[in-house]
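Q: Need a 3D model of the sequence below.
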Amino acid sequence: MAGLFDSNAPRPLADRLRPARLVDVVGQSHLLGDEAPIGRMVARGRLTSLLLWGPPGCGKTTIARLLAEGCSLEFEPLSAVFSGVADLKKVFERARQRRTGGQGTLLFVDEIHRFNRAQQDGFLPYVEDGTVILVGATTENPSFELNAALLSRCQVFVLRRLDDEALEALLTRAEGELGHALPLDGEARSSLRAMADGDGRYLLNLVEAIEAAGSTEAMNTQALTNLVQKRAPVYDKNREEHYNLISALHKSLRGSDADAALYWFARMLAGGEDPRFIARRLTRFAVEDVALADPQAVQQALAGWQTYERLGSPEGELALAQVVLYLATAPKSNASYSAFKAASRAARDTGSLAPPLHILNAPTGLMKDLGYGEGYAYDHNQKDGFSGQNYFPDGMERQEFYQPVERGFEREIHKRLAYFQRLRAEKSKRDSKD
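A: Alright, predicted model coming up:
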């Protein structure tokens, strides 16, 4: 219940600028526009349960409130951080009573991913029978954090981090609310938007800090930096952003884009990632995506890893940056990776086929009598140092798992294998004549 003097209490700028209509929400027109999915739902007045997935400060709470208003639903907000089963039961009971009087309820659950699986299951009957329209907000990937039963009853909508245009629109609105332009030169204004890192709420908090300083002279970037702090990058080493950035690094390396790879490497370090995790991933990349196209790649990766361990941070990070550049500019091949996977499949499919007798040692007389080692051709004694004998199990056709690419050192390996294949064919031809 509002207090007597609430109207006189100071309100944060973010609260004063909270949009009153969906069309006023910046940066999310792909969902809220007249022809966009949520916009069409509101126009029809038929809202279904949904999940809003997006970064902090992109408008999830505001959208939920406006959806309730636009569809004439009672707005029941809850935070999964501060609420439990008892709070949910009270909400469901109030919603049930409203429903008997013809009034619907929009239950908004902020940080819904923080509810455990059993608590999430508790929503199901009330969502199923329409007692509540559930709108959940999450900063985490719903595929990982929410159970399948709840996901199947909700549409998932992805909200975007606010781009530069959207942040500038917020700045303009803030200046309108304050009644004057911010004391920033053009470069500082651009830096202010960059400091917010896509978070509209944080941007408005920065504006309040500038306003509180009471400066009347236009500040440059340095003066702005001295006054306010840049928002820490959104990065959780145990969550999706961790995997998104390492994926971006890996794919930039695979695409031989040294500059993009360095950027994602720097982003991970700026987010507080453990450089040892990056070193491990770089070593994996060396054997998975470079491999024998450049046999030195794995040595470079291991050397960079070891150098980091010896030097520590920040000096050791330069060694990892060098590895990033080496791997990005190295010739690429996944032939070893593909060959191993193909050989693994063949090993599973062929079960326990024994090696051919001629390549088995015969340490006892009995084994020699049984034919162990009989007919084995010692390759070093052959004319070309290559016997061309069969080394696959009897009854299994010869396989070609490894197919080197025509890049880097594998080009030479390709020539070598072609040479062996020619000798093998010639031997087969001679054997057939005999």
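
Q: Can you tell me the SS state at the closest residue in space to residue 393 that isn't next to it in sequence?
A: Among residues not flanking residue 393 along the chain, residue 353 sits closest, at 3.6 Å (C-beta to C-beta, 6 or more residues apart in numbering). The C-beta positions use only the backbone N, C-alpha and C, and glycine is treated the same way. Secondary structure, DSSP: H, G, I helix; E, B strand; the rest coil: residue 353 is coil.

Q: phi, psi of residue 353?
A: When read as degrees, to the nearest 10, the backbone of residue 353 gives phi -60, psi 130.

Q: Could you shift the numbering so residue one becomes 52, and keep it that way?
A: Understood, numbering begins at 52; the last thing we discussed is residue 404.

Q: Next up, the contacts around it.
A: 444, 445, 446, 447 (C-beta atoms under 8 Å, 6 or more residues apart in numbering).

Q: On the three-state scheme, the first one is what?
A: Following three-state DSSP, we place residue 444 in the coil state.

Q: Does it touch residue 405 like I think?
A: Yes. In this structure, residue 444 is within contact of residue 405 by C-beta atoms under 8 Å, at 6.1 Å.

Q: out of the two, which sits in the more crowded spot?
A: Neighbours were counted for residue 444 and for residue 405 using other C-beta atoms under 10 Å; residue 444 has more, 13 against 9.

Q: Distance from stretch 413-428 to the middle of the chain?
A: Here the centre of stretch 413-428 is set off from its chain's centre by 56 Å, with C-alpha atoms, centre = their mean, to the nearest Å.

Q: ok, and what's touching that stretch?
A: 408, 409, 410, 411, 412, 438, 440.

Q: what bits of this protein have low per-residue confidence?
A: 52-60, 280-292, 485 (pLDDT under 70).

Q: hey, where'd the strands end up in it?
A: 101-104, 125-130, 156-161, 184-189, 206-209 (DSSP state E).

Q: can you tell which of those is closest to residue 69?
A: With C-beta to C-beta, the closest approach to residue 69 among those belongs to strand 125-130: 13.2 Å.

Q: got the strands of the chain as a markdown table, with mean neighbour count and distance to residue 84 columns?
A: Listed next are those as a markdown table, based on neighbours: other C-beta atoms under 10 Å; distance: least, C-beta to C-beta, whole Å:
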| stretch | mean neighbour count | distance to residue 84 |
| --- | --- | --- |
| strand 101-104 | 24 | 16 |
| strand 125-130 | 17 | 23 |
| strand 156-161 | 24 | 21 |
| strand 184-189 | 25 | 19 |
| strand 206-209 | 16 | 13 |
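
Q: any chance of those strands in TSV, plus distance to residue 423?
A: Listed next are the strands of the chain as TSV, based on distance: least, C-beta to C-beta, whole Å:
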stretch	distance to residue 423
strand 101-104	64
strand 125-130	73
strand 156-161	71
strand 184-189	64
strand 206-209	63
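
Q: With respect to residue 86, which of the contacts of residue 404 is nearest?
A: residue 447 (59.9 Å).

Q: wait, doesn't that closest one sit right on residue 401?
A: Yes. Contact status for residue 447 versus residue 401: in contact at 5.9 Å, counting by C-beta under 8 Å.
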